[in-house]
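Engineer: Turn this into a model:
(one chain, ligands or ions: 2)
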Amino acid sequence: MTNPPANPVLRTSGLGVTYGGVHAVSDVSLTVGHGELVGLIGPNGAGKTTTIDAISGFVAHRGSVVLHDVDLSGASPHERVRAGLARTWQAVECFDDLTVREHLDVARSRGGLAALLGDAVRFRRARGADDEVDRLLELLDLGSVASSVVTDLPHGTQKLVGVARALATGPSAILLDEPAAGLDAAEGRRLSARLRDLAESGTAVLLVDHDVDLVMHTCDRLVVLDFGSVIAEGAPEQVRSDPRVQAAYLGTAPS
Ligand SMILES: Nc1ncnc2c1ncn2[C@@H]1O[C@H](COP(=O)(O)OP(=O)(O)O)[C@@H](O)[C@H]1O
Ligand SMILES: [Mg+2]
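Structural biologist: Residues are numbered from 1 along each chain as shown. Ligands and ions are numbered 1, 2, ... in the order given. Below you'll find the predicted structure:
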């Protein structure tokens with residue numbers, strides 16, 4: 001799938017964010033279809049994280065964010081999650097003493113950590129919760145470490161837990177901010193394969209990463225940002241050979 005989908009799950013139109021006088025993101029329109037894996041790339045400071053912050057509602061923005069034909073443009077981050085939009089963060093965020101399974105249990109509980117601690121026994125017995133957690137553990141190949149404390153695991157595995165945790169809210173679209181940062185080549189390949197499985201399971205995935213090779217090999221379609229604006233989009237090979245993209249990456253050119 002290298003053309004934008006006719007009926008996208010996620011659609012932004014004219015997205016813009018200004019910090020003080022800085023136009024961090026200007027007029028970004030992009031779409032992600034059902035089961036599609038779209039890469040959002042661009043040099044440092046291009047506006048990738050700000051785009052994810054805007055879509056997920058963590059910064060005020062111009063333009064619109066539409067999920068399944070529901071306009072979320074004025075919605076809070078919490079409302080966007082409830083509507084089916086999930087995200088991860090550039091840094092790994094884990095609770096120190098919880099196991100992988102407990103992280104997912106917490107994320108599954110709608111009230112979050114406070115609700116879980118208040119009613120842990122009943123929550124653990126809730127029918128259905130364990131089935132979904134088991135499905136996520138299998139999807140991300142985390143079954144063998146389900147009982148391990150997350151902070152004891154290798155960095156790459158912690159990143160997968162972060163993705164699993166975002167998925168535990170049951171999103172139809174997920175925004176991943178640099179999930180491969182700090183991973184070695186083997187961990188990067190493993191992550192890439194799991195993200196393909198995730199998209200094939202029907203989730204719309206927007207993947208931000210500075211590892212151009214990983215993004216090129218993983219994604220169906222790419223959108224390239226430079227100075228906050230879209231400078232190219234299309235199939236990975238087409239984008240790689242685009243002179244504007246090569247110029248934007250001068251010094252960190254796609255290999
Ligand atoms: N909270 C902020 N306040 C002011 N400027 C910011 C803030 N966050 C990002 N910026 C600026 O916005 C631009 C885009 O940043 P960012 O979205 O983090 O880029 P990327 O994720 O592509 O590296 C940069 O010029 C950055 O300095
Ligand atoms: Mg960033």
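
Engineer: Is L175 located within a strand, as I assumed?
Structural biologist: Yes. The secondary structure assignment for L175 places it in a strand, going by DSSP: H, G, I helix; E, B strand; the rest coil.

Engineer: Contacts only, for it.
Structural biologist: Taking CB atoms under 8 Å, 6 or more residues apart in numbering as the definition of contact, the neighbours of L175 are 52, 55-56, 85-88, 206, 208. Any C-beta I mention is one placed from the backbone N, CA and C, and that applies to glycine too.

Engineer: Report how many residues lie close to the closest residue to it other than its chain neighbours.
Structural biologist: Leaving out its chain neighbours, the residue that sits closest to L175 by CB to CB, 6 or more residues apart in numbering is R87, at 4.1 Å. R87 has 23 neighbours, counted by other CB atoms under 10 Å.

Engineer: so who does R87 touch?
Structural biologist: With contacts defined as CB under 8 Å, 6+ apart, R87 is in contact with 52, 55-56, 166, 174-177.

Engineer: What's the separation between D197 and A107?
Structural biologist: Taking CB to CB, to the nearest Å as the measure, D197 and A107 are separated by 19 Å.

Engineer: who wins for most neighbours among the contacts of L175?
Structural biologist: Neighbour counts for these were taken using other CB under 10 Å; the highest belongs to L85, which has 28 neighbours.

Engineer: you'd agree that residue is up against S76?
Structural biologist: No. Taking contacts as CB atoms under 8 Å, L85 lies outside contact range of S76: 11.5 Å.

Engineer: can you list contacts of stretch 45-63?
Structural biologist: In this structure, residues lying in contact with stretch 45-63 by CB under 8 Å, 6+ apart are 10, 12-17, 24-29, 40-42, 65, 72-73, 75-77, 79-80, 85, 87, 90, 175, 177, 206, 208, 225-229, 248.
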